[in-house]
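Attaching a predicted model along with its sequence, questions to come.
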Amino acid sequence: QVQLVESGGGLVQPGGSLRLSCAASGSIFSINAMGWYRQAPGKQRELVAISTSGGSTRYADSVKGRFTISRDNAKNTVYLQMNSLKPEDTAVYYCNAVIRPSILSGPPKDYWGRGTQVTVSS
């Protein structure tokens with residue numbers, strides 16, 4: 001079975017930085033895109049950043065220039081470096097990966113981590 005485990009959330013003051021990590025483990029044949037989403041209280045889950053297997057990246061307009069997504073394919077891990085954090089970045093951050101568990105499993109599927117809380121407050 002495939003598991004995604006996030007780490008690195010916490011409480012930080014405005015202007016501070018955090019680095020989130022997400023490691024995929026289990027039965028993995030190939031990983032396509034890996035990315036980060038977030039959900040603030042009372043709001044819908046939204047894309048923060050995504051990294052494709054080809055190396056391209058995409059960011060939400062609200063985080064461009066402040067957040068950086070990166071991947072370590074050898075470790076099946078994706079990172080999100082978050083700088084210049086603002087109170088409006090407060091949310092539960094979820095890791096997402098599009099994974100093909102085995103060569104016999106058909107098309108790739110979406111997998112989600114349980115989420116990690118990021119709180120930006122003074």
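Now that the structure is in, tell me what you want to look at.

tell me which element the most centrally placed residue in the chain falls in.
When the chain is reduced to its mean C-alpha position, the closest residue under Cα atoms, centre = their mean turns out to be Trp36, at 2.6 Å. Using DSSP states H and E, Trp36 falls within strand 30-39.

Now do the helices in this structure.
Per DSSP state H, the chain carries no helices over any range.

any idea of the mean pLDDT in stretch 114-122?
For stretch 114-122, the per-residue pLDDT values average out at 97.

circling back: what residues sit buried inside the strand holding Trp36?
31-38 (16 or more other Cβ atoms under 10 Å). In short, each C-beta sits where N, CA and C put it, glycine included.

Show me what counts as buried in stretch 9-19.
In terms of neighbour count (16+ other Cβ under 10 Å), stretch 9-19 has its buried residues at 9, 12, 18.

The strand holding Trp36 pairs with which strands?
Each strand that strand 30-39 pairs with, and the sense of that pairing, follows from DSSP bridges: strand 46-51 (antiparallel), strand 91-100 (antiparallel).

sorry, back to before: generate TSV for the buried residues of stretch 9-19, with pLDDT and distance to Thr77 as supplementary columns.
Converted to TSV, the buried residues of stretch 9-19 look like this (pLDDT from 0 to 100; distance: Cβ to Cβ, whole Å):
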residue	pLDDT	distance to Thr77
Gly9	95	16
Val12	98	21
Leu18	98	16
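
Which of these fall in strands?
Among these, DSSP state E puts 12, 18 in strands.

Format the buried residues of stretch 9-19 as a markdown table; extra columns: distance to Arg66.
A markdown table is the format used below for the buried residues of stretch 9-19 (distance: Cβ to Cβ, whole Å):
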| residue | distance to Arg66 |
| --- | --- |
| Gly9 | 16 |
| Val12 | 13 |
| Leu18 | 11 |
